[in-house]
Every structure is written in structure tokens, then in C-alpha cells.
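Asks: With the input below, show me the fold.
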Amino acid sequence: MTQAETPQPSLASGHEGSINDIFRQYIARLKGGEMGAVPAVLAALTLALIFNFASPFFFTNINFTNLFVQSAELTMLAVALVFVILLAEIDLSAGVTAGVAMAVFIQLVRTWNVNWILALLAGFAVGTLIGLLIGFMVAKIGVPSFVVTLAFFLGFQGMQLVLLGEGGVYRVEVPQILAIMNNNMPLWAGWAMLIIFAGLAALVAIYDRSRRSSVGLVNKPFSIVIFKLVATLLVGGFAISIMNQNRSQGVIPIKGVPIVVPITISILMIATFILDRTRFGRHLYAVGGNPEAARRAGIKVVRIRIYAFVICAFLAVVSGVFHASRIGSVDGSAGHTIVLSGVAAAVVGGVSLFGGRGRLAHAAIGAVVISMIDNGLGLLSMPSGINFLVQGGVLLLAATVDALARTRGGVVRRN
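Replies: I've put the predicted structure just below:
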């Protein structure tokens, strides 16, 4: 669009829509099949009520905090997978990519005595190169992503065994890595984190309103911005107040927000900014919605696809770091099964397998739902088979809702 074609602000530019208009538009989107995170939120509330009645330990402060820690690894993997699922692609190798990267990390640290920071950077470099190779084969050569990533999934299991040895288990002895999932911030730092994140959210909202006003678009009522900010402060304050309570059952108190929480939220905010407010993000949604139309509009479809797989692999390695920190070791089986839970989390959160629709925050909610199932059934001492059955049922239900929503909305997948 040239400068002469750029929409000029009219007399009505920058005015606010009414709350009734916003509400009617939201209801219309729901009726049109854009369910968003509504099913995931309802599922989370339902599970919370069920497990609260079934176990007296579910809503304790120690389990509340543990749920945040347990869901961090899955949340990061679900966020990683969103970048490729939005393209109607899949990466079955994301989990083992993280496993290989961490195997490289642990070998460099323990066998070659490499500084842990350099070793960690090497692990991320390996993951990035794997994502680049997968993206090249899918986008440039044209091999289906299911086939490519399935081959990598099988091959990298062997690579892990080569790097670590048959049945090899290496303890992680880097305090900085172990601290991510096992240490807590000072009590004051949790409140400072909330103020910083809420302030950033407010600045982004103000920037969005200014940008929309500059091109003559209607803004949402400012009261909605205030409502979201207040809700963020209330929910965040409630969570921090619980985490700041002593959850130790021994003499030494354990208080504070786990370090992994601000790390996860920071990455989620950065990734959300990339998807929602950059040209790359807009192009990614466009390619996922209709690749041919995106190509005709001048979007570099091949480049977008490659970048998506690179980002997916990079964030998957972050998930691998969380895993190594949580269990305190790296072994040859890391990442073999979690990728399926990551896909389930994204789909449960409303990310469409048909591409072009979904948000990272919704995938994070889906990860919390999957983690709640694992956490709640664990408190009830249910066998692992029941856990898989419930997760499979929730995934099937979410995929069915997605398919019916698209049918109801008249969305047809075009190749």
C-alpha cells in the first residue's frame, strides 16, 4: 500500500465502540465457530471443582505452586508447537529435539568441562539447526511435516542413546540450571514481577489504542482496558499471595514464587508480541489460513514456514531445560512422550489443527488443563493408564469441537 493509499483519519477516527457492540461482536464470533479458549477455561474450572471435591490436597498452597511448576515444561512445548500448528503443520520431533540438545549440553559440561553457559548455547544452537533442517525439508523440498518429523523423532531417539550411552543417566550439577524449577524468588520479587508485567501490559494496550487511532480504526472502550488490568492485578495478586505462604512441611520454610514462573511468563509475552504485533506474526496467520492467497499477496511463504519450525525447535529446547532442571538429570528417554501432550495442550486451548487460528495464551491455558489432569489424578493415586485415557478423551473432545466450529462457521480448508 502506497502512502497515498493509506487510510486517513476521519472525523470518527480513534473513537471508541460501545461495550454493547463489543459484546455483540463477541457473541457473533462464538456463534460463527470462533470458540477461542472458552472450552479450555470451562474445562479448567470443571476439573478444579471435581478435584477439589475428590481430594482435600488439591487446593492447598503447596499443590497450587506445584501445579505452576509442573505445567511450565508442557506450557513451553505447547507454545513452541503453536508456531507450526498455525501453519496446519506438525512437529513430532520437538520433544526429542530438546532431548538431543540437552544431551549435547550435559556431555559438554561433564565430559569436556565446557563452561555451562557456552554448553547451553551449544544446545540451543543444535536445536535451532534441527529446526532449520526440518523447515527446509518441509517448506523447500515439500516433504510432509508429519513424515519429516516422524523420521527425526525415530532417529533422534537413537542419537540420544549415541550421545549418552545405553541407559545413560547424567546428573545435572549446574546450580543455575537446577534453580530454575527448584528455587524461589524473594517474597518482594513476586510483587515486583506482578507490577512490571501489569505495567508492560498497560503500555502495550495504550500503544495499540494509539496505533489504531492513527489509522482511523475503532478502539475498544477504555473501560475494557481498565477491567483487564484490574483482573490481571487481582488474579496475579491472589496467585502470588498463595505462593508467598510457607508450603514446607519441615522446619525450613519454603516461600516465594518459583523462578520458572517469571521466565515462562516473559517468554510467553515475547512470543505473543511476535505473533500479534509483528509483520512475521501477521504473515504466519495468513499463510496458515490460506497459503495460496498469502503467496499471491507477496508473502514469502517458504521463509515463513522455515522460521516457524526454527522458533518451534528453539522453544522446545527451553522446555528441555525446564525438564532437566525439574528432574535434575538428562537421560536417553527425554522428550519421547511429552510432544503428544504438547499437541494436546495446544488443541485443547483452541489452536486449530487446520491452521490460521489460535493464540499462545490459549495454548498455555490448554497446558494448564492437561497438567491439572495429571496433577489431580496423581493426588487420587489413579494408575497412569487412567491418566492417558482422560487426556485422550479431552483431546478428542477438543478436536471435535474445533472441527464442528469450523463447519458451523463455514470455514473450508483450501490447499
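
Asks: Got the phi and psi for Gly256?
Replies: Note on Gly256: backbone dihedrals following degrees, to the nearest 10 are phi 110, psi 160.

Asks: That one and Gly190 touch, don't they?
Replies: Yes - the pair Gly256 and Gly190 qualifies as a contact (C-beta atoms under 8 Å) at a distance of 6.3 Å. Using the backbone N, CA and C atoms, a C-beta is placed for each residue, glycine as well.

Asks: Pull up the overlap in contacts between these two.
Replies: When contacts are counted by C-beta atoms under 8 Å, 6 or more residues apart in numbering, the set common to Gly256 and Gly190 consists of Met243, Asn244.

Asks: This structure: strands as residue ranges?
Replies: Taking DSSP state E to define them, one finds strands in the chain at 169-171, 329-331.

Asks: So which of these is the most surrounded?
Replies: strand 329-331 (a mean of 20; mean count of other C-beta atoms under 10 Å).

Asks: So in that sheet, which strands flank it, and in what orientation?
Replies: Based on DSSP bridges, the pairing partners of strand 329-331 within the sheet are strand 169-171 (antiparallel).

Asks: can you give me how far the partner strand is from the chain middle?
Replies: For strand 169-171, the separation from the chain centroid amounts to 27 Å (computed by C-alpha atoms, centre = their mean, to the nearest Å).

Asks: Output the strands of the chain as CSV; include the columns mean pLDDT and distance to Ala28.
Replies: Conversion of the strands of the chain to CSV gives the following (pLDDT from 0 to 100; distance: least, C-beta to C-beta, whole Å):
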stretch, mean pLDDT, distance to Ala28
strand 169-171, 90, 54
strand 329-331, 92, 50
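
Asks: what's the nearest residue to Leu315 if we skip its chain neighbours?
Replies: When the adjacent residues along the chain are set aside, Leu315 lies closest to Ala80, with 3.5 Å between them (C-beta to C-beta, 6 or more residues apart in numbering).

Asks: from memory that neighbour sits against Cys312, does it?
Replies: Yes - when contacts are counted by C-beta under 8 Å, Ala80 is listed as touching Cys312 (4.6 Å).

Asks: With Gly236 as the reference, measure out to Met102.
Replies: Spatial separation of Met102 from Gly236 under the definition C-beta to C-beta, to the nearest Å is 31 Å.

Asks: These two: who's more crowded?
Replies: Using other C-beta atoms under 10 Å as the criterion, Met102 and Gly236 rank with Met102 on top: 32 against 18.

Asks: Would you quantify the distance from the more buried one to Thr407?
Replies: In this view, Met102 and Thr407 are 42 Å apart by C-beta to C-beta.

Asks: same thing with Gly392?
Replies: Gly392 sits at a distance of 23 Å from Thr407 (criterion: C-beta to C-beta).

Asks: just Arg24 next, same as before
Replies: 23 Å.

Asks: And for Thr111?
Replies: To Thr407, Thr111 is 55 Å away according to C-beta to C-beta.

Asks: do the same with Ala239
Replies: Going from Ala239 to Thr407 by C-beta to C-beta gives 38 Å.

Asks: from memory Ala399 sits against Ser352, does it?
Replies: No - between Ala399 and Ser352 no contact is recorded; they are 9.5 Å apart, counting by C-beta under 8 Å.
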